[in-house]
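Asks: coords please:
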Amino acid sequence: MEVAIKPVCTLRGDVQVPGDKSMSHRAVMLGALADGETEIENFLFGEDCQSTIHVVQSLGVEVHIEKGRVVVRGGGFNALREPEDVLDAGNSGTTIRLMAGILSGCPFFSVLTGDTSLRSRPMQRVIKPLAAMGARITARSGNAYAPMAITGGGLCAITYRSPVASAQVKSAVLLAGLFADGQTTVIEPVRSRDHTERLLSYFGARVEVEDKQVSVWGRPKLRGCKVVVPGDISSAVFFLVAGAAVPGADLLVRNVGINPTRAGALEVLMEMGADIYIINERQVSGEPVADIRVRGSRLKGTTISGAIIPYLIDELPALAVAASMAEGVTVVRDAAELRFKETDRITAIVKLLSHMGVDITEQEDGFVIRGGRHALQGVECDSYGDHRMAMAAAVAGLKARGITKIKSAECVKISFPAFFDTLNSLSVQ
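Replies: Next up, the predicted model:
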């Protein structure tokens, strides 16, 4: 599917973004391990989260969609059953890595795989600690890539010092730790997003967090509960950037999760001079939530590096677009993890923005953008099958001269199926 984006005079209106993708995945997984019924509201019905539902159903768990809600009827840790076929995670790194942790604790054989893109993403980072816990895992190319064949059960608790700050690695080990006796601990170089820890506590697990260290105790009795998923800040950020960059814009993005381990993009946009107000703060299902108002601003360049990177890694494509419209230099470094997403996002960002006339230089672990030098030009561009690149191109196209045409734009279904309709509803031509 090709989508054409026309430049706008301004943007006005209210935005309701889909439910948080990270929490939607985790709510289904923990609901499958819990005793009783888990009701999930504002679930993200994107392709990635649908993959998690399908995998859990293949393990014998009842999952139903009722009036826009997801209902998971779990039977505890012993209710999962050996699947009859290969488990397909589609394009979802969260599904394959976190389910590898759960399946490592199950006393049966299973195989996890995904689409072509997912089979090129590194899996050794989760295989190594799970094998240290006692799981027997064999994967392609010397245990580097999916498919992963897992024989689980008999796990022992470990303390794992992760070489990377990765919520997926941490979560895989913590979920496996639920099946082990004793205390499983993960220590990270920088604390990554903490949705797993929060939801584990919400479902009744014993969890302790101390700075960069997280511990979980095995064999808890998880209880089914109601989970209200907040709006996904990774989707909201595209509208925050658009609202800040387009003159005269005034947008209200409602019910957004502002978890401090995910809200780095808000901090960066404020540093860049964005006119952003956080209002109506509250707690929902253990997560901080708020409405965010953004108005057209004069943005300036900044440096994005170090400890904040794990808190905005998925938002960097949107922030790169903001930097292209800002005055001055923006430097992004320490973000090599971007190369291991749905596509190599460092190279993809550089190709997109340079094609639109932006002065941008690729670095090994990021890029340098010299913003404000040239007006963006409407172009034909490729999403590379990456939902965040498609949305980034669309936001850039709002201020470009001429029409921006985005190829393979259907990939937005992964996280925000109604993205283009929502964007069009806010546009004042």
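
Asks: May I see the buried residues of stretch 403-421?
Replies: The neighbour-count check on stretch 403-421 (16 or more other CB atoms under 10 Å) flags 404-417, 419-420 as buried. Quick note: C-beta positions are derived from backbone N, CA and C, even for glycine.

Asks: In strands, which of those residues fall?
Replies: Taking DSSP state E as the definition of strands, these contribute T404, K405, I406, K407.

Asks: For beta bridges, what are the partners of the last one?
Replies: Meaning K407. D382 (DSSP bridges).

Asks: thinking again about what came up before, can you convert the ones in strands among the buried residues of stretch 403-421 into a markdown table and add a column each for pLDDT?
Replies: Shown next, in a markdown table, are these (pLDDT from 0 to 100):
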| residue | pLDDT |
| --- | --- |
| T404 | 98 |
| K405 | 98 |
| I406 | 98 |
| K407 | 96 |
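
Asks: ok, so of the residues you listed, who is nearest I360?
Replies: Nearest to I360 among those: T404, at 16.5 Å, using CB to CB.

Asks: gap between the residue lying closest to that closest one once chain neighbours are set aside and L423?
Replies: Spatially, and ignoring its direct neighbours in sequence, T404 is nearest to G397 (3.0 Å; CB to CB, 6 or more residues apart in numbering). As for G397, its distance to L423 is 10 Å (criterion: CB to CB, to the nearest Å).

Asks: before we move on, the earlier item: of the ones in strands among the buried residues of stretch 403-421, closest to A263?
Replies: Of all these, I406 has the smallest distance to A263: 27.5 Å, by CB to CB.

Asks: hang on, that closest one packs against A394?
Replies: Yes: in this structure, I406 is within contact of A394 by CB atoms under 8 Å, at 6.3 Å.

Asks: Determine the residues that are contacts of both of these two.
Replies: Counting by CB atoms under 8 Å, 6 or more residues apart in numbering, the common neighbours of I406 and A394 are V3, I5.

Asks: how near is D14 to A263?
Replies: To A263, D14 is 20 Å away according to CB to CB.

Asks: When these two are compared, which one has more neighbours?
Replies: More crowded of D14 and A263, by other CB atoms under 10 Å: A263, with 23 against 12.

Asks: So for that one, what pLDDT did the model give?
Replies: pLDDT recorded at A263 is 92.

Asks: residues in contact with it?
Replies: By CB under 8 Å, 6+ apart, A263 lies in contact with I233, Y311.

Asks: and it, backbone torsions?
Replies: Main-chain torsions, A263, degrees, to the nearest 10: phi -100, psi 20.

Asks: ditto for D181
Replies: Main-chain dihedrals, D181, degrees, to the nearest 10: phi -80, psi 140.

Asks: cool, P83 as well?
Replies: Note on P83: backbone dihedrals following degrees, to the nearest 10 are phi -70, psi 150.

Asks: just use 28 as the starting number from now, easier for me
Replies: Sounds good: first residue 28 from here, last item P110.

Asks: Can you name the residues that contact it?
Replies: When contacts are counted by CB under 8 Å, 6+ apart, P110 is found next to S85, L86, S137.

Asks: I figured the last one hits D115, correct?
Replies: In other words, S137. No: counting by CB under 8 Å, S137 does not reach D115; the two are 11.7 Å apart.

Asks: These two: who's more crowded?
Replies: Neighbour count, other CB under 10 Å: between S137 and D115, S137 has more, with 24 against 19.

Asks: that older thread, could you export the ones in strands among the buried residues of stretch 430-448 as a markdown table, including distance to S351?
Replies: Output for those, formatted as a markdown table (distance: CB to CB, whole Å):
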| residue | distance to S351 |
| --- | --- |
| T431 | 13 |
| K432 | 18 |
| I433 | 16 |
| K434 | 20 |
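
Asks: farthest-separated two in these?
Replies: Pairwise distances across those (CB to CB) peak at 10.9 Å, for the pair T431 and K434.

Asks: who touches both of those two?
Replies: Counting by CB under 8 Å, 6+ apart, the shared contacts of T431 and K434 are E407, C408.

Asks: How many neighbouring residues does G209 have?
Replies: By other CB under 10 Å, 13 other residues sit near G209.

Asks: ok, now which ones touch it?
Replies: Counting by CB under 8 Å, 6+ apart, G209 touches C183, A184, W244, G245.

Asks: go with 7 Å
Replies: Neighbour list for G209: A184, G245 [criterion: CB atoms under 7 Å, 6 or more residues apart in numbering].

Asks: And it, how close does it get to S242?
Replies: Using CB to CB, one gets 10 Å for the distance from G209 to S242.

Asks: Over to I214?
Replies: I214 is 10 Å from S242, by CB to CB.

Asks: Neighbour count for these two, which is higher?
Replies: It is S242, of I214 and S242, that has more neighbours when counted by other CB under 10 Å, with 20 against 16.

Asks: Could you give the separation of the one helix or strand that one maps to from the chain centroid?
Replies: Using DSSP states H and E, S242 falls within strand 240-244. From the chain centre to the centre of strand 240-244 is a distance of 22 Å (CA atoms, centre = their mean, to the nearest Å).

Asks: Contacts for the host helix or strand of C76, please.
Replies: Secondary structure from DSSP H and E places C76 in helix 74-85. Helix 74-85 is contacted by residues 48, 51-52, 55-56, 59, 70, 90, 110, 112, 114-119, 121-122, 126, 440-442 when judged by CB under 7 Å, 6+ apart.

Asks: State the helix or strand in which E308 lies.
Replies: Using DSSP H and E, E308 sits within strand 302-311.

Asks: Run me through the strand neighbours of that strand, direction for each.
Replies: Paired neighbours of strand 302-311 in the sheet (DSSP bridges): strand 314-322 (antiparallel).

Asks: Pull the residues that contact the partner strand.
Replies: With CB under 7 Å, 6+ apart as the test, strand 314-322 has contacts from 225, 257, 263, 267, 270-271, 276-286, 301-309.

Asks: now with 6 Å?
Replies: Contact with strand 314-322 is made by 257, 267, 270-271, 277-286, 302-309, as judged by CB atoms under 6 Å, 6 or more residues apart in numbering.

Asks: again with stretch 344-351
Replies: Residues outside stretch 344-351 that contact it (CB under 6 Å, 6+ apart): 264-265, 268, 295, 357, 376, 380, 385, 396, 398, 415-416, 419, 422-423.

Asks: mind saving the C-alpha coords of it as CSV?
Replies: The C-alpha trace of stretch 344-351 is given here as CSV (Å, rounded to 0.1, in the frame of the first residue of the first chain):
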residue,chain,number,x,y,z
PRO,A,344,12.8,7.8,14.5
ALA,A,345,10.2,10.4,15.5
LEU,A,346,12.8,12.5,17.4
ALA,A,347,15.0,12.4,14.3
VAL,A,348,12.2,14.1,12.4
ALA,A,349,11.9,16.7,15.1
ALA,A,350,15.7,17.3,14.9
SER,A,351,15.4,17.8,11.1
